[in-house]
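Asker: Take a look and give me a structure for this.
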Amino acid sequence: MYVEQKWRTNKEKNEFARSCPALLGSVADAQGKTVDRILPLGKEGGSVILFKGGYFLIGSFGPVLPPELLETLSIVRSEIEPQYPDFYRELDRLTAEDQELSRLAKLENILGSIRHNAKNMPELADALRNVLSEIEKGAVSQACATLEPPSSEPAGDPGKQEKKE
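Answerer: Take a look at the predicted model:
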């Protein structure tokens, strides 16, 4: 449920970003405008050309992908937000919604994985209880701890075990 909502919201955010009224679509659209400054983009060879009057053009060697567009909108924000406050207010709303749905989608995926694996891994329930207990006590580390194998099974790499005859 959240995964689908997250993808829809992300797509809506990216489409909305492309609709920025300050974004010029081509060099031809910049004709007659005065360059204010040129700023580098994270993408190798990419740059943002800021024009007087609150317009900008993204110079890139390939198509401008959503991450580059969003980076550009962040870079030029202080320059163009005064002219387009409603645009940035909506972009911020969509970004916050996208981030929250991303968080909820991760939770949904984790819980789905637990449910999917619970039948085949009876030790999973105890391991989860232990991890949750550690978290509540504040004693959990970022490392992923694994369970010790039951004493009736050999420990270690099965390929390096001695064969019993």
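Asker: which residues does the residue nearest to Ala118 when sequence neighbours are not counted contact?
Answerer: Spatial nearest neighbour of Ala118, excluding adjacent residues (C-beta to C-beta, 6 or more residues apart in numbering): Leu124 at 5.5 Å. Glycine gets a C-beta too; all of them are placed from N, C-alpha and C. Counting by C-beta atoms under 8 Å, 6 or more residues apart in numbering, Leu124 touches Ile114, Asn117, Ala118.
Asker: quick one: buried residues of the helix ranked longest in the chain?
Answerer: Using DSSP state H, we find that the single longest helix of the chain is helix 85-118. The neighbour-count criterion (16 or more other C-beta atoms under 10 Å) identifies Phe87, Tyr88, Leu91, Leu94, Thr95, Glu97, Asp98, Leu101, Ala105, Glu108 as the buried residues of helix 85-118.
Asker: now stretch 11-22
Answerer: By neighbour count, with 16+ other C-beta under 10 Å as the criterion, the buried positions of stretch 11-22 are Lys13, Asn14, Ala17, Cys20, Ala22.
Asker: For the closest residue to the third one other than its chain neighbours, give me the pLDDT.
Answerer: Translated: Ala17. The shortest distance from Ala17 to any residue other than its chain neighbours is 5.1 Å, reached at Leu69 (C-beta to C-beta, 6+ apart). The score at Leu69 is 94. That number is its pLDDT.
Asker: Give me the distance between Leu69 and Leu91.
Answerer: With the distance defined as C-beta to C-beta, to the nearest Å, Leu69 ends up 11 Å from Leu91.
Asker: ok, now Arg115?
Answerer: In terms of C-beta to C-beta, Arg115 sits 36 Å off from Leu91.
Asker: same question, Ala125
Answerer: Shown here: Ala125 relative to Leu91, a distance of 43 Å by C-beta to C-beta.
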